[in-house]
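> dropping a prediction and its sequence here:
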Amino acid sequence: MSGLPLPASEPDWFNAIPKVELHVHLEGAIPLPALFELVRKYDSGAAGSLADLEARFRYRDFPHFIETWVWKNGFLRELDDFAFIAEAVARDLRGQHVLYVEAFCSPPTSRRAASRSAALSRRFGEAWIGSPVSS
Ligand SMILES: [Zn+2]
């Protein structure tokens with residue numbers, strides 16, 4: 001047999017290769033522990049355990065997906081919530097060896113939407129590179 005030896009496990013191999021993400025919705029890429037923290041912030045009773053939360057995201061069908069999507073987004077209420085998930089997603093993607101990301105989010109609109117967008121981009125970038133970004 002020729003070629004490089006295969007890694008011991010597929011997840012290690014998959015995590016090691018460099019990747020790009022060309023279309024990531026922050027609201028759809030929240031790492032489960034971060035979402036658990038967010039749910040507990042607003043409604044500790046709704047969270048249950050981390051395993052309960054994971055089970056909630058095993059979709060039965062498309063209507064259940066939509067219902068779960070809307071439920072989850074109900075816990076994204078403030079700029080800090082979006083910044084929190086932006087940082088969590090950036091760290092998660094960096095851990096997966098994602099080298100380039102085009103990320104989107106849909107925070108509630110307001111007169112301050114532009115400044116919110118800039119703040120989110122800065123927090124995402126800082127989490128991405130692991131240090132403050134100059135503005
Ligand atoms: Zn999209």
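Okay, I see it. Every value quoted in this text rests on a predicted model; they were computed, and no experiment measured them.
> do you know how far Thr68 is from Val39?
Look at Thr68 and Val39: by C-beta to C-beta, to the nearest Å, they are 12 Å apart. Any C-beta I mention is one placed from the backbone N, CA and C, and that applies to glycine too.
> comparing the two, which residue is more hemmed in?
Set Thr68 next to Val39 and count neighbours by other C-beta atoms under 10 Å: Val39 wins out with 20 against 15.
> so for the chain, the centremost residue is which one?
Nearest to the mean C-alpha position of the chain, by C-alpha atoms, centre = their mean, lies Ile30 at 2.7 Å.
> who are the contact partners of that residue?
Leu38, Lys72, Ile85, Ala88, Val89 (C-beta atoms under 8 Å, 6 or more residues apart in numbering).
> the second one and Leu120, how far apart?
This means Lys72. Separation of Lys72 from Leu120 (C-beta to C-beta): 18 Å.
> the fourth one too?
With distances taken as C-beta to C-beta, Ala88 is found 12 Å from Leu120.
> surely Arg60 is within a strand?
No: under DSSP: H, G, I helix; E, B strand; the rest coil, Arg60 sits outside any strand and is assigned coil.
> list the contacts for it?
So Arg60 contacts nothing (C-beta under 8 Å, 6+ apart).
> ok, now His97?
Applying C-beta under 8 Å, 6+ apart, the residues contacting His97 are Asn15, Ala16, Ile17, Pro18, Lys19.
> what about the third one, how many residues close to it?
Neighbourhood size, Ile17 [other C-beta under 10 Å]: 8.
> cool, and the first one?
If you count neighbours by other C-beta under 10 Å, Asn15 ends up with 14.
> so where does it fall, helix or strand?
helix 10-16 (DSSP states H and E).
> where in this protein is pLDDT low?
Applying pLDDT under 70 to the chain flags the ranges 1-10, 107-116, 131-135.
> brilliant, that's me finished.
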